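Participant: no sequence on this one, just coordinates:
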Ligand SMILES: NC(=O)c1ccc[n+]([C@@H]2O[C@H](COP(=O)([O-])OP(=O)(O)OC[C@H]3O[C@@H](n4cnc5c(N)ncnc54)[C@H](OP(=O)(O)O)[C@@H]3O)[C@@H](O)[C@H]2O)c1
């Protein structure tokens with residue numbers, strides 16, 4: 001069991017949605033938090049709400065994951081707050097609305113920068129410290145779309161699949177150093193993610209997706225993520241019926257390939 005109490009936890013994506021819900025619950029469990037995302041004002045608000053719960057150990061570290069040249073110094077700053085980082089949770093992410101044929105390459109690169117390269121860069125810069133202290137835990141928020149593809153999500157699905165390849169390999173390399181890797185695959189969670197989704201030209205989609213509206217709450221998702229961290233689970237699927245798609249793809253791939261195009265995303 002991993003205890004959250006007194007662990008130094010660096011959480012990206014903390015300004016909204018699942019990351020924000022995680023911040024409140026991790027704070028309530030006694031975690032020492034470093035909150036990251038781009039919007040400083042939102043991070044300050046989340047930190048203030050945590051402080052109102054009586055939490056004092058909370059820091060904010062604004063970060064833009066597309067700015068690869070600043071990520072090493074951000075990781076160094078994160079370590080300086082409490083002298084170490086015990087757990088990194090990669091919660092930042094952006095999705096898309098657009099077909100592969102329409103979507104500009106620059107938009108696909110942006111999705112990969114935030115969802116994949118940002119996460120691996122921060123991990124890489126924290127890793128030597130973990131190897132030295134022979135402990136650490138990286139938690140990656142992937143998606144069920146990290147286990148199969150779906151229409152209008154080609155770059156998003158690619159970025160999430162890439163996380164699985166990278167972090168499964170990392171687990172094989174650093175397990176002997178007592179460094180743990182947990183990959184979380186949510187289905188539909190009621191957050192503003194679709195408002196911020198990128199269209200083929202890179203503008204914001206700005207519409208709420210009905211599947212997300214009918215999905216589980218960010219609070220329930222956060223609670224299940226924390227359980228998975230505490231139990232040191234390697235990979236978990238969180239959601240409603242949609243998570244069955246993972247098993248359908250695994251055990252009945254031909255049937256799954258027939259069904260997926262009939263699913264009309266919005
Ligand atoms: N909601 C779902 O149904 C669902 C399902 C499966 C997986 N997920 C995954 O869960 C994670 C959280 O998503 P969410 O649903 O909570 O969406 P959200 O409310 O839109 O949160 C996304 C977070 O990512 C941050 N972010 C976006 N671009 C960034 C950048 N360039 N640099 C740093 N941070 C950035 C945002 O903060 P700023 O705008 O302040 O930077 C925000 O805190 C994502 O990885 C997403 O792919 C969500």
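Facilitator: Okay, I see it. It should be emphasised that the depicted structure is a prediction, and the values quoted were computed from it without experimental measurement.
Participant: Packing partners of the worst-scoring helix or strand of the chain on mean pLDDT?
Facilitator: Across the helices and strands of the chain, mean confidence by mean pLDDT, DSSP states H and E is lowest for helix 210-213: a mean of 90. The contact analysis (3 or more CB pairs under 8 Å, 6 or more residues apart in numbering; DSSP states H and E) places helix 210-213 against strand 189-190. Heads up, the C-betas are built off the backbone N, CA and C, glycines and all.
Participant: The strand it packs on close to the ligand?
Facilitator: Yes: for strand 189-190, a contact with the ligand is found by CB under 6 Å from any ligand atom, at residue 189.
Participant: and what of stretch 195-214?
Facilitator: Yes: for stretch 195-214 and the ligand, the contact criterion (CB under 6 Å from any ligand atom) is met by 196, 212.
Participant: Then stretch 66-86?
Facilitator: Yes: Stretch 66-86 comes into contact with the ligand (CB under 6 Å from any ligand atom), by way of residue 66.
Participant: And for the helix or strand hosting residue 174, what's in contact with it?
Facilitator: Assigned by DSSP states H and E, residue 174 belongs to helix 154-174. Outside helix 154-174, the residues that touch it by CB atoms under 8 Å, 6 or more residues apart in numbering are 94-96, 99-100, 103, 107-108, 111-112, 114-116, 119-120, 123, 127, 130-131, 136, 138, 140, 142-143, 145-150, 180-181, 183, 234.
Participant: quick revisit: what lies in contact with the least confident helix or strand of the chain?
Facilitator: 188-191, 193-194, 242, 266.
Participant: Out of those, which end up buried?
Facilitator: 188-191, 193-194, 242 (16 or more other CB atoms under 10 Å).
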